[in-house]
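**Student:** Here is my input, please return the structure:
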Amino acid sequence: MGAVVNDDDDLEDLDVRRVHPFQALKRYICPGCGQYIEPGLGHTVAVPRLAPDLRRHWHTSCFEHRAKRRPPK
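**Tutor:** Sure thing, here's the model as predicted:
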């Protein structure tokens, strides 16, 4: 995965990584919009430092705007 990014504005203690398109081999569901992240699409992975098994794969734009959007239904 890509480099760890420090996200000081986030209340949670997260490691945030960018996944390059060539690294994206699986299909995930984005928790921000509820849509698929298809293989081959670069995206963001947020990993709670105290609970790494709760990592989530996000569309990068959904992650960047997560404070402004409502969770999907």
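**Student:** all helices in this structure, in order from the N-terminus.
**Tutor:** Remark: helices assigned in the chain by DSSP state H are 60-64.
**Student:** Would you map the strands across the protein?
**Tutor:** 4-5, 14-19, 28-29, 36-37, 43-48, 56-58 (DSSP state E).
**Student:** got these as CSV, with distance to Ala67 and mean neighbour count columns?
**Tutor:** The way it works is simple: take the backbone N, C-alpha and C, and place the C-beta from them, glycine included. Below are the strands of the chain laid out as CSV (distance: least, C-beta to C-beta, whole Å; neighbours: other C-beta atoms under 10 Å):
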stretch, distance to Ala67, mean neighbour count
strand 4-5, 16, 12
strand 14-19, 13, 18
strand 28-29, 20, 16
strand 36-37, 20, 17
strand 43-48, 13, 20
strand 56-58, 13, 19
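**Student:** Which one, of those strands, ends up nearest to Glu64?
**Tutor:** Glu64 lies closest to strand 43-48 among the strands of the chain, at 8.0 Å (C-beta to C-beta).
**Student:** hmm, back to that, okay if I get the strands of the chain as TSV plus mean pLDDT?
**Tutor:** Below are these laid out as TSV (pLDDT from 0 to 100):
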stretch	mean pLDDT
strand 4-5	48
strand 14-19	95
strand 28-29	98
strand 36-37	98
strand 43-48	96
strand 56-58	97
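**Student:** possible to save the ones you listed as JSON lines with distance to Arg69?
**Tutor:** Shown next, in JSON lines, are the strands of the chain (distance: least, C-beta to C-beta, whole Å):
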{"stretch": "strand 4-5", "distance to Arg69": "20"}
{"stretch": "strand 14-19", "distance to Arg69": "17"}
{"stretch": "strand 28-29", "distance to Arg69": "15"}
{"stretch": "strand 36-37", "distance to Arg69": "16"}
{"stretch": "strand 43-48", "distance to Arg69": "14"}
{"stretch": "strand 56-58", "distance to Arg69": "11"}
